[in-house]
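structure here, sequence nowhere to be found:
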Ligand SMILES: O=C(O)c1ccccc1NCC(=O)[C@H](O)[C@H](O)COP(=O)(O)O
């Protein structure tokens with residue numbers, strides 16, 4: 001990952017043949033946002049679900065976000081489409097991540113309105129790929145995340161071997177408890193459809209405050 005901030009564009013990156021993408025999710029504090037954006041990352045995630053301890057709007061600097069030349073993903077949980085569109089405009093979001101029970105039609109409507117969609121899928125003991133087929137045409141990525149008590153940010157991994165059976169055309173990011181502790185297993189991980197990784201609570205000092213040292217360690221171990 002050699003891109004500088006100046007050479008990045010705020011479009012949703014396509015999967016890369018040379019390395020997995022990296023999304024850092026759950027940011028909110030302006031200085032921390034700037035510090036993470038200076039790292040070799042592909043997407044920054046901001047939580048717009050008010051029940052989350054990472055709920056970003058009270059702390060976020062909208063002008064900073066709009067000017068930031070990196071892909072910005074807004075994370076929503078069963079939010080009204082009009083609110084999502086308004087929020088995306090205000091904060092200059094590149095794409096939206098739908099992390100609730102949104103339907104394929106919800107994804108289709110937002111994608112048609114010009115907002116690329118990442119659809120999060122909670123994975124437990126099983127993965128129902130047949131159900132996901134209806135979403136595939138309208139989603140730029142799936143995000144496979146561990147199902148848990150909170151809508152997201154649970155900090156636990158699921159059995160990645162469930163993804164060996166993945167056979168849909170939509171690429172995905174792997175999420176759920178990724179961090180320095182399992183970075184070695186991610187390095188060189190080959191799974192059908194895998195396009196990148198999403199990190200959050202395992203690289204934090206506290207909710208919404210990313211630990212730059214932990215992120216550097218993770219990046220070195222996975223990509224170095
Ligand atoms: O992080 C949250 O607090 C959150 C709350 C509500 C919906 C989604 C949320 N996070 C979305 C993400 O993409 C996380 O990165 C993903 O759940 C993985 O989190 P973690 O297990 O902590 O690495």
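Thanks, I have it. In this text the structure is predicted, and so the values were computed from the model without any measurement.

and the helix or strand of the chain with the lowest mean pLDDT, what does it pack against?
Scoring the helices and strands of the chain by mean pLDDT, DSSP states H and E places helix 129-132 at the bottom, with a mean of 94. On a contact count with 3 or more C-beta pairs under 8 Å, 6 or more residues apart in numbering; DSSP states H and E, helix 129-132 meets no helix or strand. C-betas here are computed from N, CA, C, even on glycine.

how about 10 Å then?
Contact here means 3 or more C-beta pairs under 10 Å, 6 or more residues apart in numbering; DSSP states H and E; on that basis helix 129-132 packs against strand 117-123.

hang on, the earlier thing: after the least confident helix or strand of the chain, which helix or strand is next?
Per DSSP states H and E, the first helix or strand lying C-terminal to helix 129-132 is strand 141-146.

wait, residue 221 sits on residue 182?
Yes. Contact criterion C-beta atoms under 10 Å: residue 221 and residue 182 qualify, at 9.5 Å.

what does the protein have sitting close to the ligand?
Contact residues (C-beta under 6 Å from any ligand atom) of the chain with the ligand: 25-26, 45, 47, 49, 52, 54, 75, 77, 99, 143, 145, 150-155, 175-178, 198-202.

list the contacts for the most far-flung residue of the chain relative to its centre?
Distance from the C-alpha centroid of the chain peaks at residue 130, with 22.7 Å (C-alpha atoms, centre = their mean). If you count contacts by C-beta atoms under 10 Å, 6 or more residues apart in numbering, residue 130 has them with residue 168.

wait, residue 163 touches residue 174, no?
Yes. Using C-beta under 10 Å, residue 163 is in contact with residue 174, at 7.5 Å.

what do those two both touch?
Common neighbours of residue 163 and residue 174 are listed as 123, 144, 189, 191, 193, 194 (criterion: C-beta under 10 Å, 6+ apart).

check what pLDDT the third one gets.
Residue 189 carries a pLDDT score of 97 in this model.

any idea how far residue 174 is from the nearest residue to it once chain neighbours are set aside?
Leaving aside its sequence neighbours, residue 189 sits nearest to residue 160 (C-beta to C-beta, 6 or more residues apart in numbering; 7.4 Å). Going from residue 160 to residue 174 by C-beta to C-beta, to the nearest Å gives 7 Å.

this completes my enquiry, with thanks.
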